[in-house]
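> Task: produce atomic coordinates for the following.
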Amino acid sequence: ALSSIAAVARVEVVTRTAASLAGSRIFLEGAREVEFGEVGAPEGTTFLVRNLFFNTPVRRKFLKQPATEGGYIADLMEHLALSRPDISFKLVIGNQLRFHTSGNGDLREVIYRGGLGSHPGGKGGHPGGGVSGETGPGARQQEF
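Sure thing, here's the model as predicted:
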């Protein structure tokens, strides 16, 4: 998936392992390496995706309004953040922070600090087992 995104966007990847003193940074433009080098970086990996579909004007006719496409991306990022609370996610659309999680592994932090929910969780059960969960605002509820 990353190679597909890199083919149609400007992508910057910064990474550093715990054992390294310096990190590495690569900047790709349409899957073409523009810049590569060492940088000071925190431990971990950061992907920055900018100007999605900048080099594919034919594809633009299939895109909806920027707000609609941004909503699709935000929905995907929210699902990713919920599935991996141990990874920090930050989504900025149009210089506006949509949500940010710390990556501390706490699912409640993802739900509340990430702006994905606003109601307390609950627990229930019986001697043979139990269930616990978190609830979100009415706009987020889905019927299954």
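> can you pull out the helices in this protein?
2-7, 57-60, 66-83, 107-113 (DSSP state H).
> Okay, strands next: where are they in the chain?
In the chain, the strands defined using DSSP state E lie at 10-16, 23-29, 32-39, 44-50, 90-93, 96-100, 122-126, 129-133.
> In terms of secondary structure, what does the first one contact?
Pointing back at strand 10-16 there. strand 23-29, strand 44-50 (3 or more Cβ pairs under 8 Å, 6 or more residues apart in numbering; DSSP states H and E). Every residue, glycine included, has its C-beta placed from N, CA and C.
> quick one: low-confidence ranges for this protein?
57-63, 113-144 (pLDDT under 70).
> just to revisit the earlier point, buried deepest among the helices of the chain, which one?
helix 107-113 (a mean of 18; mean count of other Cβ atoms under 10 Å).
> How far away from the center of its chain is it?
How far helix 107-113 lies from its chain's middle: 14 Å, per Cα atoms, centre = their mean, to the nearest Å.
> One more: stretch 30-45?
Distance, centroid of stretch 30-45 to centroid of chain: 18 Å (Cα atoms, centre = their mean).
> residues in contact with it?
3, 6-10, 13-18, 22-28, 54-55, 88 (Cβ atoms under 8 Å, 6 or more residues apart in numbering).
> Please save the CA atoms from that stretch in CSV.
The C-alpha trace of stretch 30-45 is given here as CSV (Å, rounded to 0.1, in the frame of the first residue of the first chain):
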residue,chain,number,x,y,z
GLY,A,30,5.7,10.3,-7.4
ALA,A,31,7.8,7.3,-6.2
ARG,A,32,11.0,9.0,-7.3
GLU,A,33,13.6,9.6,-4.7
VAL,A,34,14.2,13.3,-4.3
GLU,A,35,16.3,13.4,-1.2
PHE,A,36,17.8,11.0,1.3
GLY,A,37,20.0,11.6,4.3
GLU,A,38,20.6,11.4,8.0
VAL,A,39,18.6,13.6,10.4
GLY,A,40,18.0,14.0,14.1
ALA,A,41,14.8,12.2,14.9
PRO,A,42,12.9,10.6,17.8
GLU,A,43,12.8,6.8,18.0
GLY,A,44,10.1,5.3,15.7
THR,A,45,8.9,6.0,12.2
